[in-house]
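1. Got a sequence here, can you model it:
(2 chains)
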Amino acid sequence: MKIATWNVNSVKVRLPHLLDYLKSAQPDVLCLQEIKCLADDFPQLELQGLGYRVEALGQRAYNGVALVSKEPARDIVCGLPEAGDDDQARYIEASFTGAAGGEVRVASLYLPNGNPIGTDKFIYKLAWMERLHGHAHALLQREIPFVLAGDYNVCPADEDVYDPVAMREDALVQPESRARFRALLYLGLTDSYRAFHRESHRYTFWDYQAGRWNRDEGLRIDHLLLSPHAADRVTACEIDKSPRAKERASDHTPIWCELAV
DNA sequence: ATGACCTAACTTTTAGGA
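-> Have a look, this model is predicted:
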């Protein structure tokens, strides 16, 4: 089962690229972030033409996540537990069946940016990460393979940042953000990309400004975290840079892993 | 030198992104 994640930065603007990606990459499940529309406005007819279904948690103008899949999603859950008055559309999770009949729980998550530090936005980011940690802990008790995929807005280490000095005041690299990302790994989750690749300076995001893409000055902030049962089954993980090279590209590019299930 | 983008919206300017 090929599971990919991509922050598309508006699904309406990116629809041609999204259709191209589904046709060429053929993921079984594609986790989308920043669809930036209500679920009812998601262009699902166009995706149905390619044999894909959509489950979306939308929001007007901002955020919004979705699961695009060949096989139907089951047991869909929208939002993390303990949401309180948090109504931002940042989490959707469902179960899928692999070709060999195995079950995998897949989440599409859009972790808060948290900038600027020293504000409520950074507090919200850290609190959201703690809710994610609590939920990951609960999922582990179920002893099923799962993949938490999405835009984490965290660069795990300086090697994941083109210029750590320039970024030192950024919420994506703060020790508090990195500690909470590490806490997910300490639970027993695996950073899928790092399970296969040791090279530094491999990115999933390049800012629109300052020619960052052309200079390959980016960030590794989109991640696939695998439960132990999923990590036992993973056979590959790659960043697909080709969508970022197109005209009117998203500032993120897809990253995917393959599970033998 | 500290510039440079992009998207959505009660749009002509702002908020949010990262």
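2. if you go through the stretch 51-200 of chain A in chain order, where are the helices?
-> Along the stretch 51-200 of chain A, counting by DSSP state H, counting those that start in this stretch, helices occupy A:120-140, A:175-186, A:192-196.
3. now the second one against helix A:120-140, angle please.
-> The directions of helix A:175-186 and helix A:120-140 differ by 10 degrees, with axes from the mean of the first three to the mean of the last three C-alpha atoms, to 10 degrees as the criterion.
4. Next, the contact list for A:Met167, please.
-> A:Cys155, A:Val161, A:Val173, A:Leu219 (C-beta atoms under 8 Å, 6 or more residues apart in numbering). The way it works is simple: take the backbone N, C-alpha and C, and place the C-beta from them, glycine included.
5. and the stretch 101-250 of chain A, which residues reach DNA strand B?
-> For the stretch 101-250 of chain A, the contact set with DNA strand B under C-beta under 7 Å from any atom of the strand comprises A:112-113, A:115, A:121, A:151, A:153, A:170, A:172, A:205, A:207-211, A:219, A:221, A:248.
6. Can you tell me which of the residues you listed end up in strands?
-> Counting by DSSP state E, the part of those found in strands is A:Asp151.
7. Show the buried residues in the residues of the stretch 101-250 of chain A next to DNA strand B.
-> Buried by 16 or more other C-beta atoms under 10 Å: A:Pro112, A:Asn113, A:Asn115, A:Asp151, A:Asn153, A:Asp170, A:Leu172, A:Phe205, A:Leu219, A:Ile221, out of these.
8. Please tell me I have it right and the last one contacts A:Arg202.
-> It refers to A:Ile221. No. If you go by C-beta atoms under 8 Å, A:Ile221 and A:Arg202 don't touch, sitting 11.6 Å apart.
9. Next, format the helices of the stretch 51-200 of chain A as JSON lines and append distance to A:Ala166 and mean pLDDT.
-> JSON lines is the format used below for those (distance: least, C-beta to C-beta, whole Å; pLDDT from 0 to 100):
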{"stretch": "helix A:120-140", "distance to A:Ala166": "18", "mean pLDDT": "97"}
{"stretch": "helix A:175-186", "distance to A:Ala166": "17", "mean pLDDT": "97"}
{"stretch": "helix A:192-196", "distance to A:Ala166": "23", "mean pLDDT": "98"}
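10. Could you identify which of those helices is most buried?
-> helix A:192-196 (a mean of 19; mean count of other C-beta atoms under 10 Å).
11. Name all residues that make contact with the residue positioned nearest the centre of chain A.
-> Closest to where the C-alpha atoms of chain A average out (C-alpha atoms, centre = their mean) is A:Gly150, at 0.9 Å. Contacts for A:Gly150 (C-beta under 8 Å, 6+ apart) come out as A:Thr5, A:Asn7, A:Cys31, A:Gln33, A:Val65, A:Ala107, A:Ser108, A:Leu109, A:Tyr110, A:Leu111, A:Asp222, A:His223.
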